[in-house]
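1. Mind folding the following:
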Amino acid sequence: MRLHPEDDLQRAVIETLRLSPSLRAIAIPNGGKRNIREAARMKGLGVTAGVSDLMVFWAPAKVAMIELKAPGKVTGKNRPLAALSAEQLGWFGTMQVMGHYVTVCDSVESVENFLRQCGAPVRTTTG
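-> Numbers count the residues shown, from 1 in each chain. Now for the predicted structure:
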């Protein structure tokens, strides 16, 4: 059993998105345990609770925010927003109001499908 299934998913998503030369994806390192001093330092540098795991950019001036959850956590009967914390819900809503694309995904395929629906030039090994 893997200790960090969301990390494994994020690695796979980043590897897949790197196949698309017209996309740029960055990770937002908000997670992890920090002592009080380090948490205060990071907060002062702009780390904000609830920010999505990934930001994906493509031309012209498009941005998508993707929150990743462990595989199986938001598919089937599960509602994606139910998997979010209060801070994540707040960020999600703010990004929607600002006009950005935002979603919750639990698989590489769901990330690819979301980005294609947003008009992103996604390329994968299968086409």
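
2. So the residue lying farthest from the centre of the chain, which state does it fall into?
-> Using C-alpha atoms, centre = their mean, the residue of the chain lying farthest from its centre is R37. It sits 26.7 Å away. Three-state call for R37 (DSSP: H, G, I helix; E, B strand; the rest coil): helix.

3. next one: G32
-> Going by three-state DSSP: G32 is coil.

4. and it, what does it touch?
-> Listed by C-beta atoms under 8 Å, 6 or more residues apart in numbering, the contact set of G32 is empty. Yep, even glycine has a C-beta here, placed from its N, CA and C like the rest.

5. P80 against V74, yeah?
-> Yes: P80 is within contact range of V74, at 4.2 Å (criterion: C-beta atoms under 8 Å).

6. In the sheet, which residues pair with the nearest residue to R24 once chain neighbours are set aside? Tell me.
-> Nearest residue to R24, sequence neighbours excluded (C-beta to C-beta, 6 or more residues apart in numbering): F57, at 4.6 Å. Under DSSP bridges, the beta-bridge partners of F57 are R24, V63.

7. Tell me the predicted confidence for F57.
-> pLDDT, F57: 97.

8. ok, now E6?
-> Model confidence at E6 (pLDDT) stands at 88.

9. list the buried ones in the one helix or strand it maps to?
-> Assigning secondary structure by DSSP states H and E places E6 in helix 5-17. Within helix 5-17, the residues scored as buried using 16 or more other C-beta atoms under 10 Å are P5, E6, L9, Q10, V13, T16, L17.

10. Which parts of this structure are helices?
-> 5-17, 36-44, 86-97, 108-117 (DSSP state H).

11. The most centrally placed residue in the chain: what's it in contact with?
-> Of all residues in the chain, the one closest to the mean position by C-alpha atoms, centre = their mean is I66, 2.6 Å from it. Counting by C-beta under 8 Å, 6+ apart, I66 makes contact with V13, S52, D53, L54, M55, V56, V102, T103, V104, C105, V111, F114.

12. Is the fifth one in contact with E67, as I believe?
-> It refers to M55. No: applying C-beta under 8 Å as the test, M55 and E67 come out as separate, 11.0 Å apart.

13. out of these two, which sits in the busier spot?
-> E67 (26 against 17; other C-beta atoms under 10 Å).
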